[in-house]
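Based on what follows, work out the 3D shape:
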Amino acid sequence: MTIQVKDIMSALHDRKARSAWDRGVILYAYELLEQVAEEAAYQHKPVALTDTIMLNGAQSWAAYSWGGCSLIYDGDIAERLCTPSELRRCHNGAWRPNSREEWLDTQARALCQAARLLRNIAQEVTNFKRYDEIQIAA
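A predicted model of the protein is given here:
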């Protein structure tokens, strides 16, 4: 089953974000979808919506994040994923988000959720059960 990028873009646009985290995940989903669209345009054929394509050669979302494939500055990541009060608490990203993570780890979690969101939207739009059978065309 082939689906157009514009169909997923419109479904993403219609998605209601209830928190700063959700808004950040949706922005990451847009970036990942653009990357998939570029890959489809480069190959001149539809591509599957899989982690392999979205990871762009990285082994995991942590490697994707730490490898500089998305935002690289702590302040930019914090600004995308935090509310204004959380930004003040972490001094605009100068402080770690929590005792167990760096900002790039937090970004990796958001990217993983964005990839899952894209797969779920593709399944909703096409009514297919298996996301690996869904092809994205530019």
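
for the strand or helix carrying residue 25, packing partners?
Secondary structure from DSSP states H and E places residue 25 in helix 20-43. Identification of packing neighbours for helix 20-43 by 3 or more Cβ pairs under 8 Å, 6 or more residues apart in numbering; DSSP states H and E yields helix 5-14, strand 47-48, helix 51-55, helix 74-81, helix 103-126, strand 135-137. In this view, the C-beta of every residue, glycine as well, is placed from N, C-alpha and C.

Same list, those, but as a markdown table with distance to residue 94 please.
Formatted as a markdown table, those follow (distance: least, Cβ to Cβ, whole Å):
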| stretch | distance to residue 94 |
| --- | --- |
| helix 5-14 | 31 |
| strand 47-48 | 39 |
| helix 51-55 | 29 |
| helix 74-81 | 7 |
| helix 103-126 | 10 |
| strand 135-137 | 38 |
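
Let's have those in JSON lines, adding mean pLDDT, distance to residue 64 and mean neighbour count.
JSON lines is the format used below for the helices and strands packed on helix 20-43 (pLDDT from 0 to 100; distance: least, Cβ to Cβ, whole Å; neighbours: other Cβ atoms under 10 Å):
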{"stretch": "helix 5-14", "mean pLDDT": "93", "distance to residue 64": "19", "mean neighbour count": "15"}
{"stretch": "strand 47-48", "mean pLDDT": "90", "distance to residue 64": "17", "mean neighbour count": "18"}
{"stretch": "helix 51-55", "mean pLDDT": "93", "distance to residue 64": "5", "mean neighbour count": "18"}
{"stretch": "helix 74-81", "mean pLDDT": "97", "distance to residue 64": "13", "mean neighbour count": "20"}
{"stretch": "helix 103-126", "mean pLDDT": "95", "distance to residue 64": "6", "mean neighbour count": "20"}
{"stretch": "strand 135-137", "mean pLDDT": "85", "distance to residue 64": "18", "mean neighbour count": "18"}
